[in-house]
Structure formats: C-alpha cells, structure tokens
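**Student:** kindly generate the corresponding structure for this input.
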Amino acid sequence: MRAARLAWRPGITRRALSALLVLGAALSLPGALPAGEDAFQALALTRVNPPAATKDFTAPAPGGGQVRLASYRGKVVLLNFWATWCPPCLVEMPAMERLHGRLRDKGFVVLAISLDADEGAVPPFLKEHGFTFPVGLDSRQRLAALYGVRALPSTFLLDRKGRIVAQALGPREWDGPAALAVIDTLLGQR
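**Tutor:** So this is what the prediction gives:
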C-alpha cells in the first residue's frame, strides 16, 4: 500500500470537512447518548462479533526504543493508525490525548501507529502538540496491511484479552460521552 492512496484528497472541500466535524460533534452531545451497548452505535463503531484475535507486533518508537502490542495485554487498547499529513487525524488526536490522560491509570492505553514515510517528521509533531501516548512507526505500512487499514484515521478497540471488539474509520470525539461509555464498558469486562 502506498502513502498516496491514504493521502487526504484535495477534492474534499472545507465545507465537507466542516460537515463531518459537525456530525461528529452531534454524535457526542452531552446528555444525548444512552449508556452501555447503545454507546457503540452513538459513536458509530462497527462491532466485531465475535471479537477477533489480534496479531502481536513490535514497532520502532520515535526517538528510539520499541512498542509491542503484547505488552498492553490486560489493558483496554485504542489502536489508532494515523499520519502527520492527515487533517482528520489531527482533528481527533487531541481528544485521544485527553482520553489517554484521563484513563491511563485505570487500565487503558492509546497506542498510535504513524504511517508517515518520513519517520523524522513524527517526533517534532508529537512534541508540538503535546501528545504523550505511546507511538509506533510503520513507514513501510506493514502493520497497516496486517490490520487492513485503507484510510486514515483507522481505529481498533481491543479488550483486555487483546481481541478486536470494535473499529472506526474516520475521526471520533474520543473523549466525549459515547466514547467514555464504550471504554468504561470495556474496562468493566474481565
């Protein structure tokens, strides 16, 4: 898969992007969302039933070191594929950071996998925006192919057993009421 296939299409107008953002905001209005299972629908997540096993991977981390999916077994994981050049990714990443900060001590982690061909662009991007969640680098898009990623952002929710229970294509308000209800449901399952 080549980066050009995942690139933001210039034909998408600001009006279309604004409409998507308004729709996303409408889906996460406080008080407008039912709890529990309905939160998956309110967040427009695709349930994976039965939950699908994930394949372990190790990826280099920006600035050195590595991230390994198996090291998060026992936690609920929001596995997000993104790139610095992806406007919808930048729209949702601040909410991912807030969610990570709010729930990281409760058995939750955001693991973001950058598909940037230029791995050197990632560390300054993370620093500029203050993102602190773990990040892996996938410049050759092997992990993206493993997970069937065809567009950005793509997100997979993994339960404590490391199984994919839901997925999302496109940005979400990950710190909104629906997302908090979904994550809370997954955190409560053992």
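**Student:** so who does Tyr147 touch?
**Tutor:** Counting by Cβ atoms under 8 Å, 6 or more residues apart in numbering, Tyr147 makes contact with 79, 81, 154, 156. All C-beta spots, glycine's among them, are computed from the backbone N, C-alpha and C.
**Student:** the third one and Cys86, how far apart?
**Tutor:** Going back to what we said before, that points to Ser154. Counting by Cβ to Cβ, to the nearest Å, the gap from Ser154 to Cys86 is 10 Å.
**Student:** again, but for the first one
**Tutor:** For Leu79, the distance to Cys86 (Cβ to Cβ) stands at 16 Å.
**Student:** would you double-check that Asp175 falls in a helix?
**Tutor:** No: counting by DSSP: H, G, I helix; E, B strand; the rest coil, Asp175 falls outside a helix, being coil.
**Student:** need the contact list for it.
**Tutor:** Taking Cβ under 8 Å, 6+ apart as the test, what Asp175 contacts is 95-96, 98-99, 102.
**Student:** next up, phi/psi of Glu119, please.
**Tutor:** Main-chain torsions, Glu119, degrees, to the nearest 10: phi -60, psi -20.
**Student:** need the nearest residue in space to Thr46, chain neighbours excluded.
**Tutor:** The shortest distance from Thr46 to any non-neighbouring residue, by Cβ to Cβ, 6 or more residues apart in numbering, is to Gln167 (5.2 Å).
**Student:** now the helix or strand where Leu186 lies: average pLDDT?
**Tutor:** Element membership for Leu186 (DSSP states H and E) is helix 177-188. Mean pLDDT, computed over helix 177-188, is 95.
**Student:** my guess is Leu43 meets Ala179, correct?
**Tutor:** Yes: contact criterion Cβ atoms under 8 Å: Leu43 and Ala179 qualify, at 5.7 Å.
**Student:** can you map out the strands along this protein?
**Tutor:** Using DSSP state E, the strands of the chain run over residues 46-53, 58-60, 66-68, 76-82, 108-114, 135-137, 154-158, 163-169.
**Student:** so which of these is nearest Ala39?
**Tutor:** strand 163-169 (10.3 Å; Cβ to Cβ).
**Student:** what's the closest of the contacts of Asp175 to Asp116?
**Tutor:** Set against Asp116, the nearest of the contacts of Asp175 by Cβ to Cβ is Met96 (16.7 Å).
**Student:** isn't the closest one up against Pro134?
**Tutor:** No: when contacts are counted by Cβ under 8 Å, Met96 is not listed as touching Pro134 (11.4 Å).
**Student:** which one's more surrounded, the two?
**Tutor:** Neighbour totals were compared for Met96 and Pro134, and Met96 leads with 25 against 20 (other Cβ atoms under 10 Å).
**Student:** can you check the pLDDT for Pro50?
**Tutor:** So, for Pro50, pLDDT stands at 95.
**Student:** quick one, what contacts it?
**Tutor:** Residues counted as contacts of Pro50 (Cβ under 8 Å, 6+ apart): none.
**Student:** related to what we said a few turns ago, how about the contacts made by the residue nearest to Thr46?
**Tutor:** Applying Cβ under 8 Å, 6+ apart, the residues near Gln167 are 45-46, 48, 154-157.
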